[in-house]
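# got a sequence here, can you build the structure:
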Amino acid sequence: MLVMGTNVQIGEYPQVIQGGMGIGVSNWRLAKSVSQSGQLGVVSGTALDSVAARRLQLGDNDGSIRRALSHFPFPEMANRVLEKHFVEGGKPDEKPFGIEPLPSLKMRQSQLDLLIVSNFAEVYLAKEGHNNSVGINFMEKIQLPLLPSLFGALIAGVDYVLIGAGIPLSIPGILDDMSSWQAVSLKLDVDGNSNGDSFMFEFDPSEFVEAEKPVLRRPKFLAVVSSEIVAKSLIRRANGVVNGFVVETPDAGGHNAPPRKKPISETNEPIGFGPKDIPNMERIRGLGKPFWIAGSQASPSSLQSALSCGAKGIQVGSAFAFCEESGIDTKLKHEVVEKGLKNVLKVKTDFQASPTGYPFKLADVSETISDPEKYQDRKRVCDLGYLRQAYTTGDGKVGFRCPGEPKHSFLSKGGREADTVGKVCLCNGLLSTIGLGQSRGAKAELPIVTAGVNFDFLNYVVIGPDPEYSAKQVIDYLTRNKAVV
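Purely as a prediction, here's the structure:
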């Protein structure tokens, strides 16, 4: 049998986990740099199929994807993906990116191929050339691509799987079974399912074998949680072993857990988080599992404080998001760094923007979705569909809708008009953030910049007038012996 990823050391836990920021912000270059520095580099698994397809359509200029696929154990699948998506020399600038059909319960072979191959390639490249651990991060909320994506990552020998934005009770057992080449299934969260029917996404890894089955290792599973209540529930109810937790506070960038108690303003809108939204670290420690603290933790003193309270360390996102190795467009990174150094960068928690219904952090950066006048000019379109919600149709089947899609379409599927207010297309926006935005004729999709609320770290990692800094500089700063007060 083929043995994939056997040169990995995963016995010791890292002190720093680099956040798995999507879409494509935590790319393989960032994760590789962090892992080579002795901490846990994490690639984002969100929308990797679209990321890989668009990189290939731009010509795969550095040859990295094709190099990774030359090591993929199923060459016929790799060749199908390359034949469909690779454009020698890259597509013309004015030509839109080709896209796959929207995800569904019965995906086409081409969709499954791309999901498996893209996740393999990203993890393979992050692990290439060193023996340290690499993780991959997913959103539990994005269910349809999850099983084939996990399979691709396992083939590449991923060491950690991190999942947040939900309560991933079934993932530990899925990892157990998939690593043994057993068929697995994921129960979908379906709106309006008053009958309690089970709608399942089925996946059998054996169906994709072309010759030999690679040996798959079961990676460690870390759940991203916002409270001891969720952590305890996972330990008690999950269908397999939860190896640890990333405990996220409301200061973290990207999606946040909804407030446990929503304070209401006179306009009936949530106005922020309260004391109940701060995780109780003493109770988390009492659960007896390894844990890391996330959200405004990018300082040596935060790392020392986390270790003192029993954590294994910290997870850090924003400090890595704007370093030179991350996938964010350079112009956007420089603006964030320059504003952060001047202490004028505004980051707000938007309780309406995300189609998921979760709070989402938006940074005030020019020429992005943060400019409401520019975003209002955008014609609503939902052609990627990662954040669509499953719902039951009148005939008892499953349909999919997104409050960010055209309003008439959403309403025709039984959606409420109130749910469309303030919603933005995160899928297209986040791809634009990493330079892979779709062309819409004379206009292009606007990017989105999300971040945590604390940028004090910039004063220690940015040297001189140049806004560039490396992932290694971040790690050196975080892990230096003398803590900054």
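# in space, what's closest to residue 121 - neighbours in sequence excluded?
Ranked by C-beta to C-beta, 6 or more residues apart in numbering and with sequence neighbours excluded, the top spatial neighbour of residue 121 is residue 68, at 3.9 Å. (C-beta placed from N, C-alpha, C; glycine too.)
# same thing with residue 392?
Counting by C-beta to C-beta, 6+ apart, the nearest residue to residue 392 once its immediate chain neighbours are dropped is residue 192, at 4.5 Å.
# show me the contacts for that neighbour.
Residues in contact with residue 192 (C-beta atoms under 8 Å, 6 or more residues apart in numbering) are 391, 392, 414.
# number of residues surrounding the nearest residue to residue 38 once chain neighbours are set aside?
Spatial nearest neighbour of residue 38, chain neighbours left out: residue 132 (6.7 Å); criterion: C-beta to C-beta, 6+ apart. For residue 132, the count of nearby residues is 20 (other C-beta atoms under 10 Å).
# checking the residue nearest to residue 121 next. Helix, strand or coil?
helix (DSSP: H, G, I helix; E, B strand; the rest coil).
# what packs against the longest helix seen in the chain?
For the chain, the helix reaching the highest residue count under DSSP state H is reported as helix 109-127. In this structure, helix 109-127 packs against helix 28-36, strand 41-44, helix 48-57, helix 64-69, helix 75-85, strand 134-139, helix 146-155, with contacts taken as 3 or more C-beta pairs under 8 Å, 6 or more residues apart in numbering; DSSP states H and E.
# give me the mean pLDDT for that helix.
Mean pLDDT, helix 109-127: 98.
# likewise for stretch 56-70?
The pLDDT scores in stretch 56-70 average 97.
# show residues contacting that stretch.
In this structure, residues lying in contact with stretch 56-70 by C-beta under 8 Å, 6+ apart are 28, 52, 55, 78, 81-82, 85-91, 97-98, 117, 120-121, 124-125, 128, 436.
# of those residues, grab the buried ones for PyMOL.
Selection of the buried residues among the contacts of stretch 56-70 in PyMOL, burial being defined by 16 or more other C-beta atoms under 10 Å:
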select buried, resi 28+52+55+78+81+85+86+91+97+117+120+121+124+125+436
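# circling back to that earlier point, what about the residue nearest to residue 121, how many residues nearby?
Neighbour count for residue 68, taken as other C-beta under 10 Å: 24.
# what residues sit buried inside the longest helix of the chain?
By neighbour count on 16+ other C-beta under 10 Å, the buried set for helix 109-127 is 111-127.
# please apply the same query to stretch 274-290.
Judged by neighbour count (16+ other C-beta under 10 Å), stretch 274-290 contains these buried residues: 277, 279, 281, 284, 287, 289, 290.
# distance between it and the chain's centre?
Counting by C-alpha atoms, centre = their mean, to the nearest Å, stretch 274-290 is centred 23 Å from the centre of its parent chain.
# before we move on, the earlier item: quick one: pLDDT of the residue nearest to residue 392?
Residue 192 carries a pLDDT value of 80.
# any idea how far it lies from residue 365?
Residue 192 sits 38 Å away from residue 365 when distances are taken as C-beta to C-beta, to the nearest Å.
# other SSEs contacting the helix or strand of the chain with the lowest mean pLDDT?
Taking mean pLDDT, DSSP states H and E as the measure, helix 372-376 is the helix or strand of the chain with the lowest mean score, a mean of 74. The criterion is 3+ C-beta pairs under 8 Å, 6+ apart, and there are no helices or strands that helix 372-376 contacts.
# what helix or strand does residue 409 sit in?
Here residue 409 sits within helix 407-412, counting by DSSP states H and E.
# any residues touching that helix, and which ones?
Contacts of helix 407-412 from elsewhere in the structure, counted by C-beta under 8 Å, 6+ apart, are 380, 382, 401, 402, 403, 417, 419, 420.
# make a markdown table out of those and add secondary structure.
Converted to a markdown table, the contacts of helix 407-412 look like this (three-state DSSP):
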| residue | secondary structure |
| --- | --- |
| 380 | coil |
| 382 | coil |
| 401 | strand |
| 402 | coil |
| 403 | coil |
| 417 | helix |
| 419 | helix |
| 420 | helix |
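# ok, the closest residue in space to residue 147 that isn't next to it in sequence - contacts?
Taking C-beta to C-beta, 6+ apart as the measure, residue 147 lies nearest to residue 203, with 3.8 Å between them; neighbours along the chain are not counted. Under the criterion of C-beta under 8 Å, 6+ apart, the contact list for residue 203 reads 147, 148, 151, 183, 184, 185, 186.
# narrow those to those that are buried.
Applying 16+ other C-beta under 10 Å to the contacts of residue 203, the neighbour count classes 147, 148, 151, 184, 186 as buried.
# give me the lowest-pLDDT entry from the residues you listed.
residue 186 (94).
# neighbouring strands - and their directions - for the host helix or strand of that residue?
Per DSSP H and E, residue 186 falls inside strand 184-187. For strand 184-187, the paired strands and their directions (DSSP bridges) are strand 200-203 (antiparallel).
# got the buried residues for the strand it pairs with?
Burial within strand 200-203, assessed by neighbour count using 16+ other C-beta under 10 Å, is assigned to 201, 203.
# do stretch 308-325 as well
Judged by neighbour count using 16+ other C-beta under 10 Å, the buried positions of stretch 308-325 are 311-323, 325.
# for these, which one is nearest residue 300?
Nearest to residue 300 out of the buried residues of stretch 308-325 is residue 314 (C-beta to C-beta; 10.1 Å).
# return the residues in contact with residue 45.
When contacts are counted by C-beta under 8 Å, 6+ apart, residue 45 touches 20, 22, 119, 122, 136, 137, 138, 149, 153.
# repeat that for 6 Å
Residues touching residue 45, when contacts are defined by C-beta atoms under 6 Å, 6 or more residues apart in numbering, comprise 119, 136, 138, 149.
# phi and psi next, for it.
phi -90, psi 0 (degrees, to the nearest 10).
# ok, residue 236 next?
According to degrees, to the nearest 10, the main-chain angles of residue 236 amount to phi -80, psi -40.
# repeat that for residue 436.
When read as degrees, to the nearest 10, the backbone of residue 436 gives phi -120, psi 30.
# tally of neighbours for the residue nearest to it when sequence neighbours are not counted?
Closest residue to residue 436 apart from its sequence neighbours, by C-beta to C-beta, 6+ apart: residue 54 at 4.4 Å. Burial measure for residue 54: 22 neighbouring residues, criterion other C-beta under 10 Å.
# what ranges do the strands span in the stretch 301-450 of the chain?
Under the criterion DSSP state E, counting those that start in this stretch, the stretch 301-450 of the chain carries strands at the ranges 313-316, 347-350, 360-363, 389-392, 398-401, 439-440, 443-444.
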